[in-house]
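> sequence plus the predicted model coming up.
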Amino acid sequence: MNVFTWSNILLFIVTCILILMYSCILKNWWYFSSRNTKFIRGWPFVGTLHEFFFGNKSFADSVASFYFRFANEPFFGIYELTYPVFVVRNPELVKKITTQDFEHFLNHQSNFDENLDSILARSLFFSRDQKWKDMRSVLSASFTGNKMRMMFDLICDCTNKFILTLVKGHSKSSNSIEFELKDLFSRYTTNLIATSAFGLEVDAVTDNENEFYLAGKKVTNFDGIQGIKLLLLDVMPKLIKFCRIPFLDESLCNYFRNVVLSTMAYREKNNVFRPDMIHLLMEARKGTLQDADGNATKKYDWKDDDIVAQCAIFFFAGFETTSTLISFMTHELACNQDVQQKLYDEIIAIEKELNGGPVTYEIIKGFKFMEMVVLESLRLWPPVSQSDRQVAKPYRLEANGNVVQLTTYDAIWIPIYAIHRDPEYWSHPNRFDPERFNEENRKTIQACTYLPFGNGMRTCIASRFALMVAKTFFYHLLREFKIDKSDKTPNPVILKPNSINMHAENGLWARFMPRQ
């Protein structure tokens, strides 16, 4: 091979590198300055999130630090790797984006390919455009009050079994027992979702190698390589598609398929009824699912993977968020004994009224102080730190004299964790204070400054289910145990660096002491 040929090869390589550098860095280098938007450029290739990438801050804290840096701006720009993102911090703009101008912001930023990630791509959360609208109109009927009432006994039964396991564990010791809360409650939520979504009876609490639990851990772990894949899916979806990199392993997808489809086949063959998510999806497929008014929902052509996807996303969304909520709420009850005592008093008062009778969905729903504590836990520690949208059609973003013309596929972030801790909207925002949500104070909360489940049409469809689970769980837990701090209890809590999930750096620890 002659020198001229080697020179051509070298020139080709250099050209490719320059093209790559341009596409990754220079292409968007002046993106925000050309739109007269204040921004943080960050580092080449990793963008504004370098503190998160290199392990100094959690994802939530990293975004919050930018949020407070631009205290006087309705929105500002950051780079997710090399991809420009508009972070909206003005509540009025959040309201417009999520409600009145929703048609411009139909979709989430992540765009899964059905050929690579059929399960996630077909789920309600990641569905897009008209497909999402059609699916949402049907599935909303699965989370009405009547459906929650129907599933309530399953939740109670699962929770009672979990508490009984803890009681038996304490009977072997006369002292209190110390637990790492996230691990313990992840096992509880595994049992909970297995029974309420998949129709399975599992015991992840005593079985450390439970298959369903291990599958859930894999699905919901966004740290390490999974977190990187998720970011790349946002900023370089074409590259992910070209390299054929699936987010979920095919073995995991097949596991969920086998569980759901075999369960459906067995029920249809043996005419089995069980009030869980699979039953509701089977009803939706038949066209017999009814909404809150008793009307049949719209027809939808449900494929097998569509059914599997909704059960999987129920696990995907509920496993991590529910365990995060009850873990942080338990931590706050341990650190705020006065709040815990007041909540226990409310539970005992209801117990006396029941006079030995069973608790019902209506009673759980009616707990006033319980709801205040749950809502404050969600404010201080929202399980999802930020929400996102992708622009579906051009939009003029305008507030306080700041104007920018958004184009199709621009990305929007709504920094939930930061808004929840903004002193402009919440006095002493880092203090745990359930009285913020008493009947009088709740009326003064500014719209779109409390967003634990999102807002508008894309709000979490299972929010009613999550609140029911949290209230039911603490009703049963506090009857049997007093919760206290241990030597390992963090104060204050520091979120785990380099983690997208809301995890405490060294775990959340507490002691459970049996009540007499």
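Yes, it's here. Numbers count the residues shown, from 1 in each chain.
> low-confidence stretches in the stretch 201-350 of the chain?
221-227, 235 (pLDDT under 70).
> now stretch 38-50: buried residues?
For stretch 38-50, the neighbour count (16 or more other Cβ atoms under 10 Å) marks F39, I40, R41, G42, V46, G47, T48, L49, H50 as buried. (Each C-beta comes from the backbone N, C-alpha and C, glycine too.)
> which one of the residues you listed sits closest to L93?
Minimum distance to L93 across the buried residues of stretch 38-50 is 16.5 Å, recorded for F39 (Cβ to Cβ).
> for the closest one, give the beta-bridge partners.
G77 (DSSP bridges).
> can you check the pLDDT for it?
For F39, the model assigns a pLDDT of 92.
> show the contacting residues for it.
Listed by Cβ atoms under 8 Å, 6 or more residues apart in numbering, the contact set of F39 reads F32, S33, F76, G77, I78, Y79, P84.
> now those residues as a markdown table including distance to A504 and neighbour count?
Shown next, in a markdown table, are the contacts of F39 (distance: Cβ to Cβ, whole Å; neighbours: other Cβ atoms under 10 Å):
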| residue | distance to A504 | neighbour count |
| --- | --- | --- |
| F32 | 34 | 21 |
| S33 | 38 | 12 |
| F76 | 28 | 20 |
| G77 | 30 | 23 |
| I78 | 25 | 24 |
| Y79 | 28 | 26 |
| P84 | 32 | 21 |
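> same list (those) but as TSV, adding pLDDT and distance to T489.
Formatted as TSV, the contacts of F39 follow (pLDDT from 0 to 100; distance: Cβ to Cβ, whole Å):
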residue	pLDDT	distance to T489
F32	90	42
S33	85	46
F76	96	36
G77	95	39
I78	95	34
Y79	91	37
P84	92	41
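> among those residues, find me the one that's closest to E439.
F76 (36.0 Å).
> excluding residues flanking it in the chain, which one is nearest that closest one?
Residue nearest to F76 in three dimensions, not counting chain neighbours: F70, with 4.2 Å by Cβ to Cβ, 6 or more residues apart in numbering.
> just flag the most distant two among the buried residues of stretch 38-50.
F39 and V46 (15.3 Å).
> now name the helix or strand holding E398.
strand 395-399 (DSSP states H and E).
> go ahead and name everything in contact with that strand.
Residues contacting strand 395-399 (Cβ under 8 Å, 6+ apart): 74-75, 86, 88, 90, 92-93, 101, 104-105, 403-406.
> just the buried residues of those.
P74, F75, F86, V88, N90, L93, H104, F105, V404, L406.
> now intersect those residues with the strands, please.
Cross-referencing the buried ones among the contacts of strand 395-399 against strands under DSSP state E gives F75, F86, V88, V404, L406.
> closest one of those residues to G507?
V88 (32.9 Å).
> ok, the nearest residue to that closest one once chain neighbours are set aside - contacts?
Among residues not flanking V88 along the chain, F75 sits closest, at 4.7 Å (Cβ to Cβ, 6+ apart). F75 sits next to T37, F86, V87, V88, R89, N90, L93, L397, A399, N402, V404 when contact means Cβ under 8 Å, 6+ apart.
> check pLDDT for those residues and point me to the minimum.
N402 (84).
> residue ranges with poor pLDDT in the stretch 1-150 of the chain?
1-27.
> now the helices for it?
3-24, 50-53, 59-69, 91-95, 118-121, 129-139, 145-171 (DSSP state H, counting those that start in this stretch).
> looking at those helices, which is closest to R267?
Nearest to R267, of all the helices of the stretch 1-150 of the chain, is helix 145-171, at 15.2 Å by Cβ to Cβ.
> going by neighbour count, list what's buried in the closest one.
By neighbour count on 16+ other Cβ under 10 Å, the buried set for helix 145-171 is 147-148, 151-152, 154-156, 158-159, 162-163, 166, 170.
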